[in-house]
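[1] The following comprises the amino acid sequence and a computationally predicted model.
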Amino acid sequence: MRSVYKGIVETVGIFLVLGAINLMAAFVIWVAGLWVLEYIFGVTGTLSKVIWALISVLIIVLADVVAFKRLSRKSVYRETAVRSFFELFEKQAVEDMMRRLKNLPAFKFSHYLLFSALFILAAITVGMQINYGFLISPVFIILMLYLWYSRSRSVRLIAAFYSGNALIARGRAQDALYVAESMLRIRPRSTGGHWLKGNSLFALRRYDSAILSYENAIRYNPTARRFLLGFVGLAFQRLGLLPKAIEVYNEALALNPTAKEVHYGLACAHSLRGETETALAHLEIAVRLGYDDRRHIESDPDLDNIRDEARYQTLLSFMR
C-alpha cells in the first residue's frame with residue numbers, strides 16, 4: 001500500500017512539474033510575441049492578445065507532442081536499463097549503494113538544495129531588476145531542474161559501474177556487459193559505461209572489442225588515459241601484438257611512472273619476447289612499487305622465460 005501511495009505522489013509530482021514548465025514556456029512565448037507585435041509591427045489591442053495566446057498554446061501543445069514521441073522511442077531503452085539494473089543485482093544491495101553515493105559530497109542533498117535556492121534567487125533578481133527579465137528568469141528554473149535530473153542519472157550510472165565490475169569479479173561478465181550497454185543507452189558518452197564494457201569484453205576474451213571500448217572511454221574523458229592505457233596494453237598483449245603492447249605500456253608509464261601494474265605488464269611482454277634483462281628490471285620495479293601477488297607471479301605463464309634467472313629467484317625470496 002505504501003508503494004502505491006508513493007507511486008501516486010510521484011505521478012502527481014511529475015504532472016505538476018510538467019505543468020509548471022508548460023505554463024512558463026507558454027508565458028514566455030506569449031509575452032515575447034506581444035512585444036514583437038507591439039514594438040516591431042505596431043499591433044495592439046485585446047483581440048491580438050487573445051489570438052496570440054491561442055497560438056502560444058498551440059505551439060506548446062505541438063512541442064509536447066513532439067517531445068513525448070521522442071521520449072516514447074527512448075522509453076524502451078530507459079526501461080531496459082532500469083530492468084537490467086534490478087534483475088542482475090539484489091535490489092537491497094543496489095539501494096544501499098545508491099544511498100551511500102547520495103551521501104558523498106558531490107551528490108549531497110543539502111548541497112543541491114543550496115544550489116537550487118541560488119538558482120531561484122537569481123531568477124527572482126533577474127525578473128525584478130532587468131527590463132524584460134521575466135523572459136530570462138525561466139532559464140534559471142530549467143537549469144535547476146536539470147541539476148536534479150543530472151544528479152539522479154549520475155548516481156545511477158556510478159552504482160551500475162561498480163556493481164557491473166562486481167559481477168565480472170564473480171564470473172558474470174556477460175551480465176556486466178548487459179549493464180554496460182544499458183548505461184550507454186542512458187548516456188552514450190559515459191566514460192564509466194565504455195570502461196565497464198571494455199572490462200566485460202576483456203573478461204570474455206574479446207580483446208579487439210575491449211580495446212575499442214577503452215579507446216572510447218579515453219576519447220570522451222582524456223583524463224582517463226592515465227589509468228586506462230594499461231588495460232589497452234594488456235589487451236594488445238593478449239592478442240599477441242607484443243610490440244604494440246610495449247608501445248602502449250611505455251606511453252602509460254610516461255603519464256604515470258609509478259604504475260606497478262604497467263611495470264608488471266612490461267615485464268610479461270618483454271619476457272614473452274625473450275628480452276630477459278628488461279623483463280627482470282620491470283618486474284623488480286613492480287615489486288618495489290608494491291606489486292605483491294606472489295602466487296600470480298609464480299603461476300603466470302608469461303614469465304616462464306625468466307624463471308630460471310638468479311635475479312628472479314632472488315626477487316621471490318624477498319617476497320616470502
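    Thanks, I have it. Residues are numbered from 1 along each chain as shown.
[2] Every contact and neighbour count from this point should use C-alpha atoms.
    Will do.
[3] Please, where are all the helices along the stretch 151-300 of the chain?
    173-186, 191-203, 207-220, 225-238, 242-255, 260-272, 276-288, 294-299 (DSSP state H, counting those that start in this stretch).
[4] Centroid-nearest residue for the chain?
    Centroid-nearest residue in the chain: S190, 3.7 Å away (criterion: Cα atoms, centre = their mean).
[5] can you pull the contacts of that one?
    Applying Cα atoms under 8 Å, 6 or more residues apart in numbering, we find S190 in contact with 183-184, 217, 220.
[6] now do L239
    Contact partners of L239, counting by Cα under 8 Å, 6+ apart, are 207-208.
[7] picking up where we left off before, what subset of the contacts of S190 is buried?
    The neighbour-count criterion (16 or more other Cα atoms under 10 Å) marks 183-184, 217 among the contacts of S190 as buried.
[8] got those as JSON lines, with distance to Y207 and pLDDT columns?
    Output for the buried ones among the contacts of S190, formatted as JSON lines (distance: Cα to Cα, whole Å; pLDDT from 0 to 100):
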{"residue": "M183", "distance to Y207": "21", "pLDDT": "86"}
{"residue": "L184", "distance to Y207": "19", "pLDDT": "89"}
{"residue": "A217", "distance to Y207": "15", "pLDDT": "94"}
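[9] mind giving me TSV with the residues you listed and columns for distance to F161?
    Shown next, in TSV, are these (distance: Cα to Cα, whole Å):
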residue	distance to F161
M183	8
L184	11
A217	13
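[10] Between the residues you listed, which sits nearest G33?
    L184 (40.1 Å; Cα to Cα).
[11] wait, doesn't that closest one sit right on G193?
    Yes. Between L184 and G193 there is a contact at 5.6 Å, judged by Cα atoms under 8 Å.
[12] shared neighbours, those two?
    By Cα under 8 Å, 6+ apart, no residue touches both L184 and G193.
[13] Present the contacts of S190 as JSON lines; the columns should include distance to S116.
    Output for the contacts of S190, formatted as JSON lines (distance: Cα to Cα, whole Å):
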{"residue": "M183", "distance to S116": "27"}
{"residue": "L184", "distance to S116": "28"}
{"residue": "A217", "distance to S116": "31"}
{"residue": "Y220", "distance to S116": "28"}
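[14] confidence score at the residue in the chain sticking out farthest from the centre?
    In terms of distance from the mean C-alpha position of the chain, G45 ranks first, at 52.5 Å (Cα atoms, centre = their mean). Note for G45: predicted pLDDT of 74.
[15] For it, grab phi and psi.
    Main-chain dihedrals, G45, degrees, to the nearest 10: phi 110, psi 160.
[16] likewise Y291?
    Per-residue torsions, Y291: phi -80, psi 100 (degrees, to the nearest 10).
[17] my guess is it contacts E261, does it?
    Yes. Contact status for Y291 versus E261: in contact at 7.3 Å, counting by Cα under 8 Å.
[18] State the phi and psi torsions of R273.
    Main-chain torsions, R273, degrees, to the nearest 10: phi -90, psi 0.
[19] what's the neighbour count on it?
    13 (other Cα atoms under 10 Å).
[20] residues contacting the nearest residue to I306 once chain neighbours are set aside?
    In this structure, I306 finds its nearest non-sequential neighbour in T276, 6.1 Å apart by Cα to Cα, 6 or more residues apart in numbering. Applying Cα under 8 Å, 6+ apart, we find T276 in contact with 270, 305-306.
[21] Under the pLDDT cut-off, which ranges of this structure? List them.
    Low-confidence segments of the chain, defined by pLDDT under 70: 1-15, 18, 41, 43, 67-95, 97, 127, 131-135, 320.
[22] how does it look with 50?
    Where the chain drops to pLDDT under 50, the residues are 1-4, 75-76, 79, 82, 86.
[23] quick revisit: could you redo the contacts of T276 as CSV and give each row distance to D96 and neighbour count?
    Below are the contacts of T276 laid out as CSV (distance: Cα to Cα, whole Å; neighbours: other Cα atoms under 10 Å):
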residue, distance to D96, neighbour count
H270, 44, 24
N305, 47, 17
I306, 47, 22
